[in-house]
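Trainee: from the sequence below, what's the structure:
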Amino acid sequence: MPTKTVTGVEVDVTDDGFFTNPDQWTEAMAPELAADEGIEPLTDQHWQVLRFMRSEYAEKGTGPTVRVLGKTSGVTVKELYQLFPKGPAKIAARIAGIPKPRGCI
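Mentor: As a prediction, the model looks like this:
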């Protein structure tokens with residue numbers, strides 16, 4: 001299984017860079033993970049989405065889709081694409097340290 005070093009900590013990831021064990025993630029890792037995606041700095045809206053992603057994953061076992069994010073996270077779909085231009089659900093999940101959401105290519 002591949003690993004990645006984030007903030008000096010080695011974590012298990014998939015070939016696509018998604019954490020396989022969300023318990024290895026810390027909030028201190030998010031800025032570095034976001035920078036890897038070309039997103040700097042993380043704003044309050046980014047954090048709102050990242051915390052929502054983790055909460056949904058903890059509750060349902062998978063991250064939310066873009067549609068669900070847009071309806072229930074408090075951030076509109078348009079804003080999601082501004083915050084995470086290369087694919088909101090996929091990129092936010094990678095930064096939030098959760099596995100790739102179902103339905104993401």
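Trainee: okay, CA-based contacts and neighbour counts for the rest of this
Mentor: Fine.
Trainee: who does the longest helix seen in the chain touch, helix- and strand-wise?
Mentor: Within the chain, and with DSSP state H defining each element, the longest helix by residue count is helix 44-60. Where contact means 3 or more Cα pairs under 8 Å, 6 or more residues apart in numbering; DSSP states H and E, helix 44-60 is packed against helix 88-96.
Trainee: go with 10 Å
Mentor: Secondary-structure packing of helix 44-60 (3 or more Cα pairs under 10 Å, 6 or more residues apart in numbering; DSSP states H and E): helix 30-36, helix 66-72, helix 77-83, helix 88-96.
Trainee: contacts for the second one?
Mentor: So that's helix 66-72. 49, 52-53, 56, 63-65, 73, 75-81, 87-90, 92, 101, 103-104 (Cα atoms under 10 Å, 6 or more residues apart in numbering).
Trainee: correct me, but Gly74 touches Arg51?
Mentor: No - using Cα atoms under 10 Å, Gly74 is not in contact with Arg51, being 11.6 Å away.
Trainee: and for the two, which residues touch both?
Mentor: Contacts common to Gly74 and Arg51, judged by Cα under 10 Å, 6+ apart, are Gln45.
Trainee: which of those two has more neighbours?
Mentor: More crowded of Gly74 and Arg51, by other Cα atoms under 10 Å: Arg51, with 16 against 13.
Trainee: contact partners for Thr3?
Mentor: Val9, Glu10, Val11, Asp12, Val13, Thr14, Asp15, Gly17, Phe19, Thr20.
Trainee: does the second one belong to a helix, a strand or coil?
Mentor: In this case it means Glu10. strand (DSSP: H, G, I helix; E, B strand; the rest coil).
Trainee: what is it paired to in the beta sheet?
Mentor: Applying DSSP bridges to Glu10 yields these beta-bridge partners: Thr5.
Trainee: how many neighbours does it have?
Mentor: 11.
Trainee: was I right about it contacting Lys4?
Mentor: Yes - counting by Cα under 10 Å, Lys4 is a contact partner of Glu10 at 5.5 Å.
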